[in-house]
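Undergrad: just need the structure, nothing else, for what follows:
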Amino acid sequence: MKRKRVVLLARAGAARERTQAAIVDAGGDVVACLDPGEASEDAVRAADPGVLMVVLDPAVEQALDRFDAILGDPSIEAIFEDADVAMRREGWEAARWARHLAAKLQGHDDVLPRTAVPNAADAPAASAAVDEDARFHDEIAALQLRVAAMPALPHGNELAQAPRLQGAVAVAAGVGGPDAVRQLLGGLPGGFPRPVLLRQRIDGGQYEKLVRQMQRAGSLRVVLAQPGDTLAPGTVHVLPDGLDVQVAPAGLVVVASEGEPRFAALPPGDSAILLLSGADPALVERALSVALGGGLALGQSAENCFDPAASQALVVRGGQADGIAGLVHRLQQRWPA
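TA: The predicted structure is shown next:
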């Protein structure tokens, strides 16, 4: 296999060194290491890369606007890594991170370390498949069958004639999430007929920069949500800290809230909750209630997810998980543009 020519756009330091070593181990050829605060777009192009690997930290994000043209160049694959993740992971998690990077670089889904996990303390906590969980799974499946067998409301019923509240797709993510979110948003068409609520937990509250990053991901409009905003189809509403949604005469609107959003106002029959890498496991219950109401409750499959705790908990409780391409397909199948 031909080695990919990679330009590494990162500040000098441990994160860049570890990322460079991981690229080489994955079969890539690092043709240049450039500091985005000092280098120009011409310097990147002069290295003739097939891949531009960006290691994100606040300073790098601040400088990325100068590289918009090359980041949007379809002939150059842009891959993003998180500097904090690259620098701080050790042991089993470091091996998983390196495999995750290799998977993105080589375009496959094998992100598990080749060596066995030495002991449970080194591995991320996984949901235990105990008898109680199995019983709960069976109860959920039985309840879903009972709900599906219930007769539909008569056509003359007032509830059936009432205007239907349009739902939304809620996407929750944390550590390891930005790259998955970029892939997800990049796969959806600009005319996607439902609003997207994005709750990506990030340190430092740099949500304006997150909006700019996600706008580069695809053709969907991306905005920073503010209290009073009405959700709009084909728009990604990025939720900073302290915001959630509620029902208003105009539809779903953004409101101030304490703690993490719970998306309790989403109409289950026309909504989806996606739990990507690093999502808050507390959202599992709400996701399952959406699924029981006829909506979608989907997690990112553990095989290509850096922190699959929430997704694994969802699956244990009867939900489903898939790769990012599969999640995009499920959304487009449910709501064709």
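
Undergrad: could I get the full set of strands for the protein?
TA: 5-9, 29-34, 51-56, 77-82, 169-173, 196-200, 221-224, 235-238, 243-248, 251-256, 272-275, 296-300, 320-322 (DSSP state E).

Undergrad: angle of the fourth one against strand 5-9?
TA: For strand 77-82 against strand 5-9, the angle between stretch directions is 40 degrees (axes from the mean of the first three to the mean of the last three C-alpha atoms, to 10 degrees).

Undergrad: and the contacts of strand 77-82?
TA: Here strand 77-82 makes contact (C-beta atoms under 8 Å, 6 or more residues apart in numbering) with 19, 50-56, 71, 101, 104-105, 175-176, 178-179, 182, 213. For the C-beta atoms, the positions are set from N, CA and C on the backbone; glycine is no exception.

Undergrad: direction included, what does that strand pair up with?
TA: Sheet pairing of strand 77-82 (DSSP bridges) gives strand 51-56 (parallel).

Undergrad: distance from the chain centre to the strand it pairs with, please.
TA: Averaging C-alpha positions (C-alpha atoms, centre = their mean, to the nearest Å) puts strand 51-56 18 Å from its chain's average.

Undergrad: distance-wise, check the residue nearest to Ile273 when sequence neighbours are not counted relative to Leu314.
TA: Leaving out its chain neighbours, the residue that sits closest to Ile273 by C-beta to C-beta, 6 or more residues apart in numbering is Ala287, at 4.1 Å. Distance of Ala287 to Leu314, computed by C-beta to C-beta, to the nearest Å: 6 Å.

Undergrad: what stretches of the chain score poorly on pLDDT?
TA: 1, 108-163 (pLDDT under 70).

Undergrad: show me this protein divided up by domain.
TA: The chain resolves into domains spanning 5-106, 131-148+165-334 when parsed by automatic domain parsing.

Undergrad: a markdown table please, covering these and showing mean neighbour count.
TA: What follows is the domains of the chain, written out as a markdown table (neighbours: other C-beta atoms under 10 Å):
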| stretch | mean neighbour count |
| --- | --- |
| domain 5-106 | 18 |
| domain 131-148+165-334 | 19 |
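
Undergrad: can you pull out the helices in the stretch 101-250 of the chain?
TA: All helices of the stretch 101-250 of the chain, identified by DSSP state H, counting those that start in this stretch, fall at 131-149, 158-161, 177-187, 207-215.

Undergrad: how far away from the center of its chain is the last one?
TA: Computed by C-alpha atoms, centre = their mean, the separation of helix 207-215 from the middle of its chain amounts to 14 Å.

Undergrad: for it, name the packing helices and strands.
TA: With contacts taken as 3 or more C-beta pairs under 8 Å, 6 or more residues apart in numbering; DSSP states H and E, helix 207-215 sits against helix 58-63, helix 177-187, strand 221-224, strand 235-238.

Undergrad: can those go into a markdown table with extra columns for distance to Gly323?
TA: Shown next, in a markdown table, are those (distance: least, C-beta to C-beta, whole Å):
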| stretch | distance to Gly323 |
| --- | --- |
| helix 58-63 | 27 |
| helix 177-187 | 9 |
| strand 221-224 | 23 |
| strand 235-238 | 20 |
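
Undergrad: center of this protein - which residue?
TA: In the chain, the residue lying closest to the centroid (C-alpha atoms, centre = their mean) is Val181, at 3.2 Å.

Undergrad: correct me, but that residue touches Ala173?
TA: Yes: counting by C-beta atoms under 8 Å, Val181 touches Ala173, with 5.5 Å between them.

Undergrad: shared neighbours of these two, which are they?
TA: Common neighbours of Val181 and Ala173 (C-beta under 8 Å, 6+ apart) are 198, 200, 276.

Undergrad: and those residues, which is closest to Gly251?
TA: Leu198 (17.9 Å; C-beta to C-beta).

Undergrad: that older thread, contacting residues around the residue nearest to the centre of the chain?
TA: Contacts of Val181 (C-beta under 8 Å, 6+ apart): 171, 173, 198, 200, 214, 217, 276.

Undergrad: skipping adjacent residues, who's closest to the fifth one in space?
TA: By that I understand Met214. Excluding the flanking residues, the one nearest Met214 by C-beta to C-beta, 6+ apart is Val222, at 4.7 Å.

Undergrad: same question, Gly27
TA: Here the residue nearest Gly27, using C-beta to C-beta, 6+ apart, is Arg3, at 5.8 Å.

Undergrad: can you report phi and psi for the one you found?
TA: phi -70, psi 130 (degrees, to the nearest 10).

Undergrad: measure how buried it is and give me the count.
TA: Neighbour count for Arg3, taken as other C-beta atoms under 10 Å: 14.

Undergrad: shift numbering so it begins at 795
TA: Yes, from this point I'll number from 795; that puts the last item at Arg797.

Undergrad: I figured it was touching Ala820, is that so?
TA: No: using C-beta under 8 Å as the test, Arg797 is too far from Ala820 to be in contact (9.7 Å).

Undergrad: common neighbours of the two, please.
TA: Overlap of the contact sets of Arg797 and Ala820 (by C-beta under 8 Å, 6+ apart) is empty.
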